[in-house]
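# quick one: sequence and predicted model below, then my questions.
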Amino acid sequence: MATTAATPDDQRKDSEPGRLLLLDGHSLAYRAFFALPVENFSTTDGQPTNAVYGFTSMLINVLRDEEPTHIAVAFDRSEPTFRHEQYVEYKAGRTKAPDEFRSQVSLIFEVLDALRIPRLSVAGFEADDIIATLSVQATEAGLKTLIVTGDRDAFQLVNDDVTILYPVRGVSELSRMDPAAVEAKYGVPPERYRELAALV
């Protein structure tokens, strides 16, 4: 049986840690919805598609640019979380998502299923909780983690092994937030970001 000698590039890739890409599905889809005019994106029968288009475009670009070895997309669920049980007014002031957005979530699920990308949700928890748990487990397993989210609360997860890709313009431009970037922007290291967020 013929064998092929490993090239230096192959050896370098084999020695590199895996890269886990975690996406905050609702956060990114919601940003895409507001970044692209809904009136410009719809099917012939009137189904809006701006969130689907924006989310899928962003996903393809990140896959191309980051070349992850592992990937998953986390989504919020409609039922209350453990936070609602602890504090009834949790997110009480938040406006309801537009119907034009909510009708596209199932279409985004179809895109992910077609691409064989796992989509995760857990009753009683938010997408943020899933992402935080997986990022900690990935670090323990020796993986580097990239988190794509528009939720600044995720900055507390940043460390030498976890980087946030944060949308700064719609979902087309992402800012890479490592520990130095978080501290430069907010004046505190990532592990103290939650204290800053609580104060403001």
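Right, received. Where do you want to start? Numbering: from 1, shown residues only.
# list the contacts for residue 38?
For residue 38, the contact set (Cβ atoms under 8 Å, 6 or more residues apart in numbering) comprises 48, 50, 100. Where C-beta positions appear, they are placed from N, C-alpha and C, glycine not excepted.
# residue ranges with poor pLDDT in this structure?
The chain contains residues with pLDDT under 70 at 1-15, 79-94.
# what ranges do the strands span in the protein?
Ranges of strands within the chain are 19-24, 70-74, 119-120, 144-148, 162-169, 173-177, based on DSSP state E.
# and the helices in this protein?
Listed in chain order, the helices of the chain (DSSP state H) span 8-15, 25-35, 50-66, 82-86, 99-114, 127-140, 179-186, 193-199.
# just those helices: most buried one?
helix 25-35 (a mean of 23; mean count of other Cβ atoms under 10 Å).
# now that helix, how far from the centre of its chain.
Distance of helix 25-35 from its chain centroid, counting by Cα atoms, centre = their mean, to the nearest Å, is 10 Å.
# by how many degrees do it and strand 162-169 diverge?
Inter-element angle recorded for helix 25-35 and strand 162-169: 20 degrees (by axes from the mean of the first three to the mean of the last three Cα atoms, to 10 degrees).
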